[in-house]
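> The sequence and its predicted three-dimensional model are supplied below.
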Amino acid sequence: MSIYRATVLSIQAHHTDFYGTTVRALIHALDISDITWIDNVTTYSPHIREQFPTDTIHDIIGRSTAQAMVIYPTTRYQGNPDRRFVVIDFTDYPILVDKVYHAPECVRCMAMQRYDPKLPASDYPRLDAGFFSTNVYYPAERQLEENKWECLPPPPYTGTIDQLFFGGTFQPRSPQRQVIPLLQPSPDVRLVLSTMFPANEPGWNRMTGSRPYDYHDYLAVAGEHRAMLALEGSSGFCYREFDALRMGMPLIMSPWRFSSRMEPLVDGVHYLAAQYDTNLELFAERILRRFNEIRHDQALRDRIRRNGQQWFERNCTIPHITENLTAWVEDAFATTPPLT
């Protein structure tokens, strides 16, 4: 019998995006045979903690809007089931982690998409801030085979258009994205804005719904530009960082400050850093200055993008993530006593 069982939230057993592929790979690596799939198609709310303040752990897990995986041991201790569990929360706001973290049965948590300075280690010593994107593209028909979880190859980078590319939303919760109105008039920047913007915002190209491209086409359009700008989202980063690195596209973003579970990205080696400043004019000037360092220097662009792509391959492939998470789960249970 397997030594682990699991509950998986917000995913069908056949789901095949990054989240689904990672979950199925981890199930395979840990040999989990007892799995409860909960496909909870409920509306995301950042105030989820207020919705069920008195629920039991079981109720919280069953009703959470998180994309998360809860793993339990199947062993018994002193004749009773071992009640410990770990949580891997794939949501950019760690919904499930935030609710179950202080439960005595909760051994360790990982918020895989989040870097949040509001979650200090002194208050959350069992929480590992995470580091992965969910927008790696995977084919619709994916068979889970050992060591075969590669994603489709990204579109080729050409860099033929002499502009800096940014694709995304305004996101008022992100201080960094307040710089977008200052970059929007610049002929050196192409903005592809998606979702719905306020009607009274001057100068916006107002789109509704999703991007005007599917995901693969979006990457192809981005790859025609000299470099990609990544601005943090509602949490501490956005998937654009990983999109650019995977494609081998020169990346401009604020200095790397993510999980110690990955190799650090080095400014001038893997990417170009533009330090955020509350003076948005200064921040915009820094972004364009870093872009101008590489826009006409093909040798430098090639070196940075090659180094960035190699970093992605060493840190962000499904086999690497699976190996990392497997060791994390096994260590969590090995280093804490059983709880009945």
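Cool, the structure landed. Residues are numbered from 1 along each chain as shown.

> Wait, D267 touches I252, no?
No - judged on CB atoms under 8 Å, D267 makes no contact with I252 at a distance of 10.3 Å. (Each C-beta comes from the backbone N, C-alpha and C, glycine too.)

> dump the residue contacts of P154.
137, 219, 223, 243, 246-248 (CB atoms under 8 Å, 6 or more residues apart in numbering).

> Grab the nearest non-local neighbour of it.
M247 (4.5 Å; CB to CB, 6 or more residues apart in numbering).

> Quick check: the one you found vs Y157, distance?
Separation of M247 from Y157 (CB to CB, to the nearest Å): 5 Å.

> how near is the residue nearest to P154 to E241?
Distance from M247 to E241, by CB to CB: 11 Å.

> same question, M262
From M262 to E241 the distance is 11 Å (CB to CB).

> rewinding a little: would you mind giving the contacts of P154 as CSV with distance to F312 and pLDDT added?
Shown next, in CSV, are the contacts of P154 (distance: CB to CB, whole Å; pLDDT from 0 to 100):
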residue, distance to F312, pLDDT
Y137, 14, 35
L219, 14, 84
G223, 14, 94
D243, 10, 81
R246, 5, 86
M247, 9, 89
G248, 8, 93
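
> one step back: shared neighbours of M247 and Y157, anything?
Joint contacts of M247 and Y157 (CB under 8 Å, 6+ apart) are G223.

> Could you identify the helix or strand that succeeds the lowest-mean-pLDDT helix or strand in the chain?
When the helices and strands of the chain are scored by mean pLDDT, DSSP states H and E, strand 127-129 comes last with a mean of 63. For strand 127-129, the following helix or strand on the C-terminal side (DSSP states H and E) is strand 161-168.

> Return the list of strands paired to that following strand, each annotated with direction.
strand 189-193 (parallel), strand 225-229 (parallel) (DSSP bridges).

> what's in contact with that strand?
For strand 161-168, using CB under 8 Å, 6+ apart, the contacting residues are 177, 180, 183, 187-194, 211, 218, 221-222, 224-231, 233, 238, 240, 252, 287-288, 291, 295.

> Could you pull out the buried residues of it?
163-168 (16 or more other CB atoms under 10 Å).

> possible to save the residues you listed as TSV with pLDDT and distance to T74?
Below are these laid out as TSV (pLDDT from 0 to 100; distance: CB to CB, whole Å):
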residue	pLDDT	distance to T74
Q163	96	55
L164	96	52
F165	95	49
F166	92	47
G167	85	45
G168	79	43
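
> how about the strands in the stretch 1-150 of the chain?
4-9, 34-38, 68-73, 76-77, 80-81, 85-89, 106-111, 127-129 (DSSP state E, counting those that start in this stretch).
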